[in-house]
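[1] here are the coordinates; sequence isn't available:
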């Protein structure tokens, strides 16, 4: 079962503040591993990212793309990007998570979290642009009846980035968490320092 949490603020290299939608509470998420863990993760990410680029080339060289309708190619390359992003998220994000520490946060700390939302607006807009481009690409592929290799790579990478952003940063869910925190602040839920 997927956790319904969203990262809000990085406190240190080994911990971040998250929001738990189920409990409607903030908590500190500790991360495990040292620098070796991150370098191993980087190798895995680069390998999987490279596979999203190489698979379309193999398909082109083996003439798979010419014999399959373009809409099915689009779906296949989207599935490749999706599955690689899910594997990256499962192998890296879930393995480095340590313990959760639920504690009471004061008003000053919550204001700092809310003030941080401007930094993630860029990620929110980036994901919105990627999704819009992905949908436009789908309609272009649908009406043109062909999927060139460069577009296949873009489709695969676009889907990879959309899913990776949604699974790790969760910019759309982040906005919901900020709204809930603002509402809780107006209700006086956080202690005054």
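    Perfect, I can see it now. Not measured: the values here are computed from a predicted model.
[2] Could you check the pLDDT of residue 132?
    Per-residue confidence (pLDDT) for residue 132: 92.
[3] Just confirm residue 168 contacts residue 89, I think it does.
    Yes: counting by C-beta atoms under 8 Å, residue 168 does reach residue 89; the two are 6.3 Å apart. For the C-beta atoms, the positions are set from N, CA and C on the backbone; glycine is no exception.
[4] just the helices in this structure please.
    35-61, 64-67, 70-88, 94-96, 107-115, 117-144, 149-168, 171-186 (DSSP state H).
[5] what packs against the third one?
    Meaning helix 70-88. Packing partners of helix 70-88 (3 or more C-beta pairs under 8 Å, 6 or more residues apart in numbering; DSSP states H and E): helix 35-61, helix 117-144, helix 149-168.
[6] weakest of the ones you listed by average pLDDT?
    helix 35-61 (a mean of 57).
[7] What is the burial count for residue 68?
    14 (other C-beta atoms under 10 Å).
[8] ok, now residue 19?
    By other C-beta under 10 Å, 23 other residues sit near residue 19.
[9] Then residue 22?
    Residue 22 is flanked by 8 other residues according to other C-beta under 10 Å.
[10] which ones are touching the closest residue to it other than its chain neighbours?
    The shortest distance from residue 22 to any non-neighbouring residue, by C-beta to C-beta, 6 or more residues apart in numbering, is to residue 4 (5.6 Å). By C-beta atoms under 8 Å, 6 or more residues apart in numbering, the contact set of residue 4 is 20-22.
[11] what does residue 155 give?
    Counting by C-beta under 8 Å, 6+ apart, residue 155 has contacts 74, 77-78, 81, 134, 137, 141, 147.
[12] swap the cut-off to 10 Å and go again
    Applying C-beta atoms under 10 Å, 6 or more residues apart in numbering to residue 155 gives the contacts 52, 56, 73-78, 80-81, 133-134, 137-138, 141, 147.
[13] Geometrically speaking, which residue is the centre of the chain?
    residue 165 (2.0 Å; C-alpha atoms, centre = their mean).
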